[in-house]
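[1] Here you go, sequence then predicted model.
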Amino acid sequence: MKINYTKLLKIFLISIFYFVIDMVVAYAHGEKAMEPYFRTRTVMFYDVTWSTDNVKVGENVTIEGKFRLHSDWPQAVDDPDVIYVNQSIPGPVFAKIESYLNGVPARQSFRDMEVGKDYHYKMVLQGRVPGNHHVHPGIAIKGSGTIIGPGQFIKVSGSQKDFKFPVTTMDGVLIEDLETYALADVFKWHSTLAILGIFWLLWWVWRPLLIPRYQALKQGREDLLITRLDLTVGILLGVFVFVAIVYNYNVQANKYPITVPLQTSRMYTDPLPVADPQIKINVSRAEYDIPGRTMRMWVEVKNNGDNKVRLGELTTANLRFINKSFGHAMNNVTANYPSEHMADGGLEIDKDKYINPGESHKMFITAQDARWETERLTAFLTDVDARVGALLFFYDEEGNRKILDVASSILPVFTDDDGTGPSYQRIGR
Ligand SMILES: [Cu+2]
């Protein structure tokens, strides 16, 4: 068979072209690529705030909020035995100054997090590189990766030259700028070792390589492969590297007698004390209407508390569906909350009302938004774990909030259903 090299070259170039194009449009933080069961049933972010959306280089922005570890934690995701409070930003455009989990400094990872419980995180970032950056909180789960919260664009203005990171060490030495501290030593060591490495590589590479050496070996002439000079150079190099390391180690140990190694111990904090909402939810059916880009849920809510409660919000995968006709739910939305995380249509509730203490109330919830599609949440249709989860926010008449995490298997609906189709009738809407 004759190979068409021109055609092959063309395909190759086109692949590279598309690869490059793809890199240009890659701009978000990869959360869309994550499976919906990961994004709707693990770390559920809520009450996220950014202290400002405009800082100068060297100024601080505080990001804080809460998350619940969903009770219906997916089997395919490692349990949150070890987590780390992190930020998701495009490279080191901010410097992290402080971070906390439930008020405990979060420089290290936390162990034994409890599923079904709530935690509060806070981090302070300092503007470093000018630009308009998308800033998310993130929670890294050991074994499963980082799940990121909602993002807000924060503009950093000024010049990167003005960024200084002064630190005073424990023994009182002021380091004027951590950015450039001991950088000369780093370059010196890297170049010294690189030169030695390249020398050693070239020493062997400059002469005939694989085939001639293989033939010499086959003819029983190993003695030709390594000469006396090779041996001498090898020994000298080994001795030189060893002496250089021991000598410099001693010089540094005398120069900095007190050093603290990186800390690897794990932190622990109790979860936030959250009162039992005294609400029971039974999801009898959930479906996703593909042409209508709508999630529908049939739920029965039993209010076991002493106060009337009404459903105000459904939030999942950082998308918020608000019951817009309910004042307490609207009050919970801060004015500058990023609109990309707000579903335009809000949450539609059939038979929306305050549920009395002791009452069982059947409701039909509709969450419609094109973001189901654009956020690629509809991948649950092809997942091996076709369950979807969410947080539901209920409020009593005083506006006190009660948060519930719900999950249900979800069925796809492929026909264009306008609300009168068979699935509705079957459920007895
Ligand atoms: Cu982002």
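    That came through fine.
[2] Please, where are all the strands along the stretch 1-150 of the chain?
    Under the criterion DSSP state E, counting those that start in this stretch, the stretch 1-150 of the chain contains strands at 43-50, 54-56, 60-69, 82-88, 94-101, 104-105, 110-111, 118-127, 131-141, 145-148.
[3] These: which one's closest to the ion?
    Among the strands of the stretch 1-150 of the chain, the nearest to the ion by C-beta to the ion is strand 131-141 (3.3 Å). C-beta here means a position set from N, CA and C on the backbone, and glycine is covered the same way.
[4] re earlier: lowest-confidence stretch among the strands of the stretch 1-150 of the chain?
    Lowest mean pLDDT within the strands of the stretch 1-150 of the chain: strand 145-148, at a mean of 91.
[5] Report the separation between residue 38 and residue 142.
    Distance from residue 38 to residue 142, counting by C-beta to C-beta, to the nearest Å: 14 Å.
[6] Equivalent analysis for residue 118, please.
    From residue 118 across to residue 142, the span is 20 Å (C-beta to C-beta).
[7] What about the residue of the stretch 151-300 of the chain at minimum distance from the ion, how many residues nearby?
    Per C-beta to the ion, residue 151 is where the stretch 151-300 of the chain lies closest to the ion, at 3.7 Å. Using other C-beta atoms under 10 Å, residue 151 has 23 neighbouring residues.
[8] list the contacts for it?
    With contact set as C-beta atoms under 8 Å, 6 or more residues apart in numbering, residue 151 has these partners: 29, 88, 134-136, 338, 340-341.
[9] Same check on residue 388?
    36-37, 40-41, 286, 288, 295, 316, 380, 407-408, 410.
[10] And the furthest pair within these?
    Distance extremes for those: the farthest pair is 41 and 288 at 15.1 Å, using C-beta to C-beta.
[11] Compare these two and say which is more crowded by neighbours.
    Set residue 41 next to residue 288 and count neighbours by other C-beta under 10 Å: residue 41 wins out with 26 against 22.
[12] Not counting residues beside it along the chain, what's closest to the more buried one?
    Closest residue to residue 41 apart from its sequence neighbours, by C-beta to C-beta, 6 or more residues apart in numbering: residue 389 at 3.6 Å.
[13] quick one, phi/psi of that neighbour?
    phi -120, psi 170 (degrees, to the nearest 10).
[14] show me the contacts for it.
    Residue 389 makes contacts with 37, 40-41, 44, 70, 72, 316, 405-408, as judged by C-beta under 8 Å, 6+ apart.
[15] Among those, name the least confidently predicted one.
    Of all the contacts of residue 389, residue 37 carries the smallest pLDDT score, 84.
[16] looking at it, it is touching residue 382, isn't it?
    No - at 11.7 Å, residue 37 does not count as touching residue 382 under the criterion of C-beta atoms under 8 Å.
[17] The two: which is more packed in?
    residue 37 (25 against 9).
[18] wait, residue 381 sits on residue 289?
    No - when contacts are counted by C-beta under 8 Å, residue 381 is not listed as touching residue 289 (11.3 Å).
[19] Secondary structure class of residue 211, three-state.
    Of the three states, residue 211 takes helix according to DSSP: H, G, I helix; E, B strand; the rest coil.
[20] on that earlier part again, for residue 381 and residue 289, indicate the residue with more neighbours.
    residue 289 (22 against 14).
[21] Now do the phi/psi pair for the nearest residue to that one once chain neighbours are set aside.
    Spatially, and ignoring its direct neighbours in sequence, residue 289 is nearest to residue 413 (4.7 Å; C-beta to C-beta, 6+ apart). The phi/psi pair for residue 413 (degrees, to the nearest 10) reads phi -120, psi 120.
[22] burial count for residue 413?
    Neighbours of residue 413 under the rule other C-beta under 10 Å: 18.
[23] hang on, the earlier thing: the more surrounded of residue 118 and residue 142?
    Under the neighbour definition other C-beta under 10 Å, residue 118 and residue 142 were set side by side, and residue 118 has more, 19 against 14.
[24] Surely the more buried one is in contact with residue 70?
    No - using C-beta under 8 Å, residue 118 is not in contact with residue 70; the gap is 11.0 Å.
[25] Check the protein for its longest helix and report it.
    Criterion DSSP state H: the longest helix present in the chain is helix 228-255.
[26] buried ones in that helix?
    Buried residues in helix 228-255, counted by 16 or more other C-beta atoms under 10 Å: none are found.
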